[in-house]
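*Asks:* Need a 3D model of the following:
(one chain, ligands or ions: 1)
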Amino acid sequence: MKLMSGVLSALALVAMLSTEAFVSMAEAASPKRVQISGEVIDTWCYSTEIMYALGTAHYQCSVWCAIGGVPVSIKGDDGNVYVLLRLEDNDSSVAVHNPKIVKIQGHQVTVDGDLYERDGVKYLFVDLVADDKGLINITHEEFGIQPFGQ
Ligand SMILES: [Cu+2]
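*Replies:* Take a look at the predicted model:
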């Protein structure tokens, strides 16, 4: 009998701990609904500063990088960079499987979506490109075409 109650206490403890773990995981996993405006960027060239990586100067490279599998992000007007993990009805965040990503590369956009923040990184699951102003950040006159010249 004593053994039985010990086992029951242990089971109750396990149930309680796993419920708490589940609740805190659920809280951590709940996204924030956001609308973000900014420029769609090539995360590699932007983060490494291997070359000037914004606007028309870098447009050609950013398309090649995206098709090559480099993650695409949005540099928000708020100064934050958001890693794009989903775009509208396509689950792939890789441009070769999701051509929509290439179509908005370099563009000034406003998007609606869910924001997940993990360990200081901001991830965006976009369900609607609410506005697309196109490639309007004119930088090639100042910086040339990166990295191809002209
Ligand atoms: Cu690039």
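*Asks:* Domains in this protein, by residue range?
*Replies:* The chain is divided into the following domains under automatic domain parsing: 1-30, 31-143.
*Asks:* near the ion at all, the last one?
*Replies:* Yes: on the criterion CB under 5 Å from the ion, domain 31-143 is in touch with the ion at 42, 45, 61, 65. All C-beta spots, glycine's among them, are computed from the backbone N, C-alpha and C.
*Asks:* Would you confirm that the last one contacts Trp44?
*Replies:* Yes: with contact defined as CB atoms under 8 Å, Cys65 and Trp44 form a contacting pair (5.7 Å).
*Asks:* Of the two, which one has the most company?
*Replies:* The residue with more neighbours, out of Cys65 and Trp44, is Cys65; 22 against 19, by other CB atoms under 10 Å.
*Asks:* what about the helices in this protein?
*Replies:* 2-29, 43-48, 59-67, 99-103, 140-143 (DSSP state H).
*Asks:* which one of the ones you listed has the lowest average pLDDT?
*Replies:* When mean pLDDT is averaged over each of the helices of the chain, helix 2-29 scores lowest at a mean of 59.
*Asks:* which one is Leu128 nearest to, not counting chain neighbours?
*Replies:* Closest residue in space to Leu128, ignoring its immediate chain neighbours: Asp112 at 4.5 Å, by CB to CB, 6 or more residues apart in numbering.
*Asks:* can I assume the one you found is in contact with Asp131?
*Replies:* No: using CB under 8 Å, Asp112 is not in contact with Asp131, being 9.9 Å away.
*Asks:* Pull the number of nearby residues for Asp131.
*Replies:* When neighbours are counted by other CB under 10 Å, Asp131 registers 13.
*Asks:* Tell me what it is bridged to.
*Replies:* Thr110 (DSSP bridges).
*Asks:* Now do the contacts for it.
*Replies:* For Asp131, the contacting residues are 37, 109-110, by CB atoms under 8 Å, 6 or more residues apart in numbering.
*Asks:* Equivalent analysis for Ile67, please.
*Replies:* Going by CB under 8 Å, 6+ apart, Ile67 touches 95-96, 102.
*Asks:* Tell me which of the domains of the chain sits nearest to Gly149.
*Replies:* Gly149 lies closest to domain 31-143 among the domains of the chain, at 10.8 Å (CB to CB).
*Asks:* Right, I'll leave it there.
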